[in-house]
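Visitor: only geometry, no sequence info:
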C-alpha cells in the first residue's frame, strides 16, 4: 500500500492550534504522505506550520462530546495542541499521524521523497588523505582498504586510517579478536608531539585471558621509543569485569605492558535513556514548586552524565597533549560511548573541529562513517525496540555546548547549529543520518536517492545563520571545567517546551540583531587596524627620509 493511501482524509477545517504559553491560531489542516500542514486563517505575521510525522514522539488524544484535542509531543522538544470541532476529525488526524510517524522501513521516510526547490551545492565526502595531511601525519599514518565491500567489519566504512607500519593481514586478524570485528583505527594525530588517538571494540580476552599478537602489534606500532600508551575504557571497572566473564573484557596487562588502563564509568544505554526521559519529564513540569522542580532536575542525573563524558574526554586530552601518550578508546561495541569520547576529545584538542566546516567533518568522520547506529538509537522506524534507543548523540552535543559556554569566542558556530543537528538526527528531509552504518546506507543507495545535510549547510545563506560573529580562532588546546557549578542545563534546547514559535522567532530576531552589531564592530576594528598599518608605514618612510 502506498503511503498516501493510508490517509482516510486529507483536509480538516476549523482547527485551533495552540503552541507555547499563549499562542493560539485558527486554521485548517492538510495531511500529506509525510507532513501535517497547518494553514492559518488570514492573520498577519502568522505562517504555515509544516511538521514531519517522523518528528512526533508521542501523540495523546482527548475525545469529548464537544471539542476534542490532540497533543503532539515532538522529538524536537516542542509541544503542539490541536483542537477539533468533533471527535471524528480528531480521530482521523490521530490515526494518520500514529500510523505514519514510524514506518516499518527507512526507505519510506521523507528523505527518499524530498526534492529541494533550488539546486543544492555538491559537497564531497570526507577526504581521509587530506585529513591525514591536515593533521601532519602523512609519515605516520596510511589509508587501508582492508574493509572493501565490508568484508572484515560490517559496521566500519570501506576505508580507514591506520598506523603506517601495520599490514592489512594484521588488521584482519585483530578484527577476529575485537567486538563486532572493530579493530583499532586512528581517529586523530596530534602534530605537536606525534601522539595518536585510536578507537575500537572491546577485546575478546574472556576469563581465560586470550590474546592476539597482531592486535598487540597494532597498538604498539603507534608507540615511539620509551613512550607509554593509555587505554581509556568508557565502562566502569566492574562493568568491564562482567563483560570479561562473558567473553569480552579488557586488554590483559601482561600482554600490553606499555599500556596503562583507565575506566571512565559512562552509563549503559538503558540508564542514559531513563535519565533523558526523567529530564524531559522535569523540564515539562510547570506546576511544581521551585524546590520540587530542582529536585526532579537533579534526580534525572542527566547533567552528571554529561559531566562524566566531559571528564572522560578531558582524560584523553590530558594523555595526548600533556603526557605525549597514544590513546585507545573503547567500551563494548565501539560505536556508542567510544565515539562520544573520541569526538569530544577532538573538539577540545583540534581548533579545526571548532569551525563550522570542521565540525561537520567531525560528525561525518566520528559518528556517521564509523557506524554509530543512528536508526536504532534515534528510533527512525517502528521495528526499533525501546532497549535499542538512547540519546547518545544529543548527550555529545550537550557536552560540546558546555565547552562552548566556557569558550564562547573559540567556536565559529553557535548553539543553534548544535540544536539543528539534534533535530536532523531524529527527523529530517536529508539522508545524512539514515541507517546504522555505511554498509546499510550503501544498500539503500542513500547518496544517490537522498540529499546531504552538509550540502544544505554549505549554502552561504544557510551557513550565515549559524556563524558566531564573536569567533576568534583559538589555536590552543582548551581546558573546560567539569566541576558541578560549571555544568548547566541547556535551557535553549530542553526548555523549548515552554516556548512557542513566536517566542523563538522573537529571540532569533533579537539574536540576529546582536550578531549583526558584533559583526559590524569586528569589521570596524579590522578597518581601523588597516588604517593603523598604513599610518605606521607612512611614519616609517618619513623616518627613513629624515635619517637619510
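Guide: Structure's in. What do you need? Predicted model, so just to flag it, every value in this text is computed and none were measured.

Visitor: all helices of the stretch 401-548 of the chain, in order?
Guide: Counting by DSSP state H, counting those that start in this stretch, the segments of the stretch 401-548 of the chain that form helices are 415-426, 438-443, 446-449, 453-457, 460-463, 491-494, 501-547.

Visitor: which SS class is residue 310?
Guide: helix (DSSP: H, G, I helix; E, B strand; the rest coil).

Visitor: Distance check, it against residue 101.
Guide: 34 Å (Cβ to Cβ, to the nearest Å). For glycine as for every other residue, the C-beta is placed from the backbone atoms N, C-alpha and C.

Visitor: Just want to know which of those two has more residues nearby.
Guide: Legend: neighbour count by other Cβ atoms under 10 Å for residue 310 and residue 101, higher for residue 310 (23 against 20).

Visitor: Report the contact partners of the residue nearest to the more buried one when sequence neighbours are not counted.
Guide: Spatial nearest neighbour of residue 310, excluding adjacent residues (Cβ to Cβ, 6 or more residues apart in numbering): residue 482 at 4.6 Å. Listed by Cβ atoms under 8 Å, 6 or more residues apart in numbering, the contact partners of residue 482 are 307, 310, 311, 314.

Visitor: What of residue 423?
Guide: Contacts of residue 423 by Cβ under 8 Å, 6+ apart are 55, 75, 76.

Visitor: Check residue 329 too.
Guide: Residue 329 makes contact with 197, 198, 199, 200, 232, 234, 316, 338, 341, 342, 345, according to Cβ under 8 Å, 6+ apart.

Visitor: what are the pairing partners of whichever helix or strand it is part of, and which direction each?
Guide: Under the criterion of DSSP states H and E, residue 329 resides in strand 326-330. According to DSSP bridges, strand 326-330 forms sheet pairs with strand 195-199 (parallel), strand 229-233 (parallel).

Visitor: among these, which is nearest residue 205?
Guide: Of all the strands paired with strand 326-330, it is strand 229-233 that lies closest to residue 205, at 12.1 Å by Cβ to Cβ.

Visitor: What's the first helix or strand after the closest one?
Guide: helix 237-245.

Visitor: among the contacts of residue 482, who's most crowded?
Guide: That'd be residue 310 among the contacts of residue 482, by other Cβ under 10 Å, with 23 neighbours.

Visitor: per-residue confidence for that residue?
Guide: Listed pLDDT for residue 310 reads 97.

Visitor: my read: it touches residue 479, true?
Guide: No - between residue 310 and residue 479 there is no contact under Cβ atoms under 8 Å: 11.1 Å.

Visitor: mind showing which ranges of the stretch 401-548 of the chain have poor pLDDT?
Guide: Within the stretch 401-548 of the chain, the ranges that satisfy pLDDT under 70 run 498-523, 525-526, 544-548.

Visitor: any idea how far residue 305 is from residue 395?
Guide: In terms of Cβ to Cβ, residue 305 sits 6 Å off from residue 395.

Visitor: average model confidence for stretch 274-281?
Guide: 95.

Visitor: With stretch 210-225 instead?
Guide: 92.

Visitor: neighbouring contacts of that stretch?
Guide: 162-166, 169-171, 173-174, 176-178, 183-184, 186, 194, 196, 198, 203-205, 229, 252, 255-256, 258-259, 326, 328.

Visitor: Quick one: the strands in the chain, in order.
Guide: 11-19, 23-31, 35-40, 49-52, 56-62, 68-74, 79-84, 141-144, 160-163, 185-190, 195-199, 229-233, 259-263, 326-330 (DSSP state E).

Visitor: which of those is buried the deepest?
Guide: strand 326-330 (a mean of 28; mean count of other Cβ atoms under 10 Å).

Visitor: and the angle for that one with helix 237-245?
Guide: 70 degrees (axes from the mean of the first three to the mean of the last three Cα atoms, to 10 degrees).

Visitor: before we move on, back to that, take the contacts of stretch 210-225 and keep only those in helices.
Guide: Using DSSP state H, 169, 170, 171, 173, 174 are the members of the contacts of stretch 210-225 that sit in helices.

Visitor: in the stretch 1-150 of the chain, what spans have low per-residue confidence?
Guide: Applying pLDDT under 70 to the stretch 1-150 of the chain flags the ranges 1-5, 21-22, 43-45.

Visitor: Swap in 80 and give it another go.
Guide: The stretch 1-150 of the chain contains residues with pLDDT under 80 at 1-6, 8, 20-23, 42-46.

Visitor: circling back to that earlier point, turn the strands of the chain into a markdown table, columns for distance to residue 462.
Guide: Listed next are these as a markdown table, based on distance: least, Cβ to Cβ, whole Å:
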| stretch | distance to residue 462 |
| --- | --- |
| strand 11-19 | 24 |
| strand 23-31 | 26 |
| strand 35-40 | 21 |
| strand 49-52 | 17 |
| strand 56-62 | 25 |
| strand 68-74 | 22 |
| strand 79-84 | 25 |
| strand 141-144 | 31 |
| strand 160-163 | 30 |
| strand 185-190 | 28 |
| strand 195-199 | 31 |
| strand 229-233 | 36 |
| strand 259-263 | 41 |
| strand 326-330 | 33 |
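
Visitor: Could you name the stretch from those that's closest to residue 438?
Guide: Per Cβ to Cβ, nearest to residue 438 of the strands of the chain: strand 160-163, 10.8 Å.

Visitor: Pull up the pairing partners for that closest one, direction included.
Guide: Checking strand 160-163 against DSSP bridges gives partners strand 141-144 (antiparallel).

Visitor: ok now the partner strand, how far from the chain's centre?
Guide: 26 Å (Cα atoms, centre = their mean, to the nearest Å).

Visitor: contacts for that strand?
Guide: For strand 141-144, using Cβ under 8 Å, 6+ apart, the contacting residues are 128-129, 132, 135, 159-164, 166, 168, 171, 186, 189, 196.

Visitor: quick check, nearest of those residues to residue 359?
Guide: residue 135 (15.8 Å).

Visitor: Name the nearest residue to the closest one, sequence neighbours excluded.
Guide: In space, residue 135 is closest to residue 189, 4.2 Å off (Cβ to Cβ, 6+ apart).

Visitor: go on, residue 121?
Guide: residue 458 (4.9 Å).

Visitor: what's near enough to touch residue 110?
Guide: 34, 35, 52, 54, 428, 429.

Visitor: can the residues you listed go into CSV with extra columns for distance to residue 145?
Guide: Shown next, in CSV, are the contacts of residue 110 (distance: Cβ to Cβ, whole Å):
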residue, distance to residue 145
34, 38
35, 42
52, 37
54, 35
428, 30
429, 33
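
Visitor: Pull the most distant pair out of those.
Guide: Longest span within those, Cβ to Cβ: 35 and 428, 12.9 Å.

Visitor: quick one: buried residues of stretch 436-452?
Guide: Of all the residues in stretch 436-452, those buried under the rule 16 or more other Cβ atoms under 10 Å are 436, 437, 438, 439, 440, 441, 444, 446, 450, 451, 452.

Visitor: wait, I meant stretch 221-230
Guide: Under the neighbour-count criterion of 16+ other Cβ under 10 Å, stretch 221-230 has 221, 222, 223, 229, 230 buried.

Visitor: From residue 150, how far off is the closest residue in space to residue 444 that isn't next to it in sequence?
Guide: Spatial nearest neighbour of residue 444, chain neighbours left out: residue 107 (5.9 Å); criterion: Cβ to Cβ, 6+ apart. Distance of residue 107 to residue 150, given as Cβ to Cβ: 19 Å.

Visitor: swap in residue 126?
Guide: Following Cβ to Cβ, the distance that separates residue 126 from residue 150 is 18 Å.

Visitor: Now the residue nearest the centre of the chain: closest residue in space, sequence neighbours ignored.
Guide: Nearest residue to the geometric centre of the chain (Cα atoms, centre = their mean): residue 393, 4.3 Å. Setting aside the residues directly before and after it, residue 393 is nearest to residue 425 in space (Cβ to Cβ, 6+ apart), at 5.3 Å.
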